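Participant: Pasted the sequence and its predicted model underneath.
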Amino acid sequence: MPDWLLTVYMRRIAVWLSALICMAGMGRGAPEFVAATKIDALAQRRLQADLAMVREELKTSADSDKSLKKQEVELDALAMTIPSVRIAASNDFTTVFPLNELHRQIFKVQSAVWRACGWKGVVSWRAKRWDMLSPTAMPMTNAASVEMRMMRHEYRGAAFNLSNASESEAEVKMVIEGMPGGKNPSWITVHEVPFTDTQSGVPVAAALPVAHRQEDKYVIHIPSGLTRQIWLTFHPGDEPPGEYFGRIVLQGNCGRMRPVPLYLKIYPFTFPDQPTLHLGGWDYTEGKGSYEVTPENRESFIRILREHFVDSPWAQRSVLPRGKHYKDGRMAEPPDARALQTWLDRWPNARNYYVFAGVTEYFEGFHMGTPEFARAVSDWINWWTMQFADRHIFPEQIGLLLVDEPHTAEADRIVIEYANVIRAAQSKVVIWEDPIWANPSEGTRELFERSDVLCPNLPMMIEQGNAFSDFYVKQRKAGRRLWFYSCDGPGRLLDPYSYDRMQQWFCWKYGAEGSSFWAFCDAGAASSWNEYGAAAGGYTPLFMDKKSVVTGKHMEAIREGIEDFEYLHMLRTRVEALETKEAGNEAVVSARRLLDTAADRVVSCMTSRGLIYWNTAKDRSVADQVRVEILEALQQLGTGERGR
């Protein structure tokens, strides 16, 4: 063990002992101490990891550049101070890089390494937007450029990277030129992508806060030695179809910067306001909110979900209380409907309203299988269906998850008992179930038969193989509707491309009509901006704290997947309309071949469950390649609209 590392460990032990003595003297209990030291330990882990990476880069570069010897000494000195790092107890602390001044100094050393490799000032380079970006990655030689092909009214993202190789913080001012709508058109949103640390100790560039606007320029600040990815969200409204050649002008305080070429092609199609594929994510926005939904952030949360095509909100059982019942099961006193009304007011015009009922063997004291139970459940579902009807919501829009993830005979039995009663009373109310039988053929047959919607776990299906997927395809052919859901984690380490976007391609492949993710509201009982304080790594594809909600790459990937599904739907509609009229038409035959192979081409990389993680290598360009082929095919088939 090197002497400097031994010293680090000795100092850490001394600091912890001192802290214990101090806490005891102050009368603070063990829980407070554990919480405080956990954040300190995770911050120290981050600093040590980044210092080690920079040290490795420095060691490699110093062999050929003797001027870096000074930085070696500087890193040794910084390493000695890491064990004494303390994070002051504050609600404002985030894991956005750099965490503190010491972290900033570590990356300043990295900037010296970059300069020794020939980089000067702020370097712009091309980004593979879905690939995992490392804060210690060396800038690449491929010059930045942005290309986008899309239709009107849809959302699509593009990105490029800016790395600061100068000795001081860079301020970059950015202007978009040459696009319809003039400079910085309102239909292009500029996001800067900071690095944030995770409980797992793997930093991610996933959050997409909107860049600061100062008069007619976006202003980006980049600490020395760090990379800041710039993400552009394109959402053209009624801009005329055609090709546009523009540029992104960059002005910095660290030397001259060449503009980034910007190419945009808008095809003569308009994306529908309401896509075909349903989307939900156990958002739980009823009442005062659950998980990390609060009265302060709820409005922003719902707005962002709706902007990302969420059309099937979820509530917990509190929106459907049971009222009071006579001994024979008849409803004696109706329940309070205010919670339901409030929830419906927050989600006007949703296509589905789903409730996690969380039922057990007993309903208000009545045991399953008795006449009293059947009467009580019947009166309950009849009464609530009338309340929905008063809001012009039909029974087929109401869905009940009776038991979450049934995978035992007992859980199956509960679902079957309730489903039988509910179907007899209200045959169109949807029984929505997400079984997790690893071998679904071992599940109770009636569980699947009584469910209107079956929502298998997609990563489980990938893991279990053809027998699993064939079982659910047979269920669909027998009349059940399919959704897919995923609930792996920690969420930040999941691949936005293969986990979030690709699920919608699997929906197309297997004929599913909806997609779900656990859970849009679950940030691990903490702020998404500070996973150090979380009880566990969060699942939300957003970045949430008590007062605000910001979109992230994972949420953008979900939305783009919904749009990908719509591309396939548009192509199928057009191909089927033309096949009877122009059976031998070369363009129609080619489009049919594309339609039949598109989903398989995109999902073919998912050969194992482990590939849902972001750090696994895969080609993340295929989905965009295929969707552009679909755009070209649609244009060849003559489905375009005249420009306005």
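Facilitator: Yes, it's here.

Participant: For the rest of this, base every contact and every neighbour count on C-alpha atoms.
Facilitator: OK.

Participant: how about the strands of the stretch 451-600 of the chain, start to end?
Facilitator: In the stretch 451-600 of the chain, the strands defined using DSSP state E, counting those that start in this stretch lie at 453-454, 481-486, 514-517, 543-544, 549-550.

Participant: For those, give me CSV that also has mean pLDDT, distance to Asp495 and mean neighbour count.
Facilitator: Shown next, in CSV, are the strands of the stretch 451-600 of the chain (pLDDT from 0 to 100; distance: least, Cα to Cα, whole Å; neighbours: other Cα atoms under 10 Å):
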stretch, mean pLDDT, distance to Asp495, mean neighbour count
strand 453-454, 98, 25, 25
strand 481-486, 98, 12, 23
strand 514-517, 98, 14, 25
strand 543-544, 98, 16, 24
strand 549-550, 98, 18, 20
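
Participant: For Leu344, which of these is the nearest?
Facilitator: strand 514-517 (19.9 Å; Cα to Cα).

Participant: Give the other helices and strands that the closest one contacts.
Facilitator: Under the contact definition 3 or more Cα pairs under 8 Å, 6 or more residues apart in numbering; DSSP states H and E, strand 514-517 sits against strand 278-280, strand 481-486, helix 502-510.

Participant: let's go with 7 Å and repeat that
Facilitator: Counting contacts by 3 or more Cα pairs under 7 Å, 6 or more residues apart in numbering; DSSP states H and E, strand 514-517 packs against strand 278-280, strand 481-486.

Participant: outside of the last one, which residues touch it?
Facilitator: In this case it means strand 481-486. Strand 481-486 is contacted by residues 452-459, 476, 507, 512-518 when judged by Cα atoms under 7 Å, 6 or more residues apart in numbering.

Participant: now it and helix 502-510, what's the angle there?
Facilitator: Here strand 481-486 runs at 150 degrees with respect to helix 502-510, directions being taken by axes from the mean of the first three to the mean of the last three Cα atoms, to 10 degrees.

Participant: So what's the gap between strand 481-486 and the chain middle?
Facilitator: Taking Cα atoms, centre = their mean, to the nearest Å, one finds strand 481-486 lying 17 Å from the centre of the chain it belongs to.

Participant: going forward, begin numbering at 29 instead of 1
Facilitator: Sounds good: first residue 29 from here, last item strand 509-514.

Participant: Could you report the neighbour count for Arg345?
Facilitator: Neighbours of Arg345 under the rule other Cα atoms under 10 Å: 18.

Participant: Pull up the gap between it and Asn170, please.
Facilitator: 54 Å (Cα to Cα, to the nearest Å).

Participant: same deal with Ala198?
Facilitator: Plainly put, Ala198 is 21 Å away from Asn170 if you go by Cα to Cα.

Participant: Of those two, which one has the most company?
Facilitator: Legend: neighbour count by other Cα under 10 Å for Ala198 and Asn170, higher for Ala198 (23 against 10).

Participant: per-residue pLDDT, the nearest residue to the more buried one once chain neighbours are set aside?
Facilitator: Once flanking residues are discounted, Ala198 sits nearest to Ile250: 5.1 Å by Cα to Cα, 6 or more residues apart in numbering. Each residue has a pLDDT score; the one for Ile250 is 98.

Participant: Repeat that for the one 4 residues further on.
Facilitator: In the prediction, the pLDDT value recorded for Leu254 is 98.

Participant: Count the residues that sit near it.
Facilitator: By other Cα under 10 Å, neighbour count at Leu254 equals 30.

Participant: got a list of what it touches?
Facilitator: Shown in contact with Leu254 (Cα under 7 Å, 6+ apart): 135, 163, 191-192.

Participant: If we use 8 Å, what do you get?
Facilitator: The contact partners of Leu254, by Cα atoms under 8 Å, 6 or more residues apart in numbering, come to 135, 139, 163-164, 191-193.

Participant: repeat for Glu392
Facilitator: 350, 353.

Participant: how near is it to Ser162?
Facilitator: From Glu392 to Ser162 the distance is 54 Å (Cα to Cα).

Participant: Equivalent analysis for Phe476, please.
Facilitator: 45 Å.

Participant: Tell me which of the two has more neighbours.
Facilitator: Each of Phe476 and Ser162 has its neighbours counted (other Cα under 10 Å); Phe476 has more, 22 against 14.

Participant: I figured that one hits Cys483, correct?
Facilitator: No: applying Cα atoms under 8 Å as the test, Phe476 and Cys483 come out as separate, 10.5 Å apart.

Participant: number of nearby residues for the closest residue in space to Glu314 that isn't next to it in sequence?
Facilitator: Excluding its sequence neighbours, the residue lying closest to Glu314 (Cα to Cα, 6+ apart) is Trp371, at 5.0 Å. Other residues near Trp371 come to 19 when the count uses other Cα under 10 Å.

Participant: Could you do Ala417 as well?
Facilitator: Neighbour count of Ala417, defined by other Cα under 10 Å: 12.

Participant: quick revisit: out of the contacts of Leu254, which is most surrounded?
Facilitator: Neighbour counts for these peak at Ala193, which has 33 neighbours (criterion: other Cα under 10 Å).

Participant: residues in contact with that one?
Facilitator: 139-140, 142-143, 147-151, 252-254.

Participant: circling back: ok, the contacts of Leu254 vs Ala615, which is closest?
Facilitator: So of the contacts of Leu254, ranked by how close each gets to Ala615 (Cα to Cα), first place is Ser191, at 44.9 Å.

Participant: In three-state terms, label the closest one for me.
Facilitator: strand (DSSP: H, G, I helix; E, B strand; the rest coil).

Participant: now do the one 10 residues further on
Facilitator: Following three-state DSSP, the label given to Lys201 is strand.

Participant: Any idea how many residues pack against it?
Facilitator: 19.

Participant: for stretch 316-324, what is the average pLDDT?
Facilitator: 94.

Participant: how far is it from where the chain is centred?
Facilitator: So, by Cα atoms, centre = their mean, the centroid of stretch 316-324 is 19 Å from its chain's centroid.

Participant: Repeat that for stretch 297-307.
Facilitator: Using Cα atoms, centre = their mean, the offset of stretch 297-307 from its chain centre is 19 Å.

Participant: right, and Arg286 touches Val277 too?
Facilitator: Yes: checked against Cα under 8 Å, the pair Arg286 and Val277 is within contact range at 7.4 Å.

Participant: what's next to stretch 544-564, contact-wise?
Facilitator: By Cα under 8 Å, 6+ apart, stretch 544-564 touches 63, 66-67, 70, 121-124, 224-227, 307-312, 318-321, 511-515, 518, 565-574.

Participant: hmm, I was thinking of stretch 130-141
Facilitator: By Cα under 8 Å, 6+ apart, stretch 130-141 touches 75, 78-79, 82, 85-86, 89, 96, 99, 103, 106, 110, 125-126, 164, 192-196, 251-254.

Participant: same thing but at 6 Å, please
Facilitator: Contacts to stretch 130-141, defined as Cα atoms under 6 Å, 6 or more residues apart in numbering, come from residues 82, 126, 193, 252-253.
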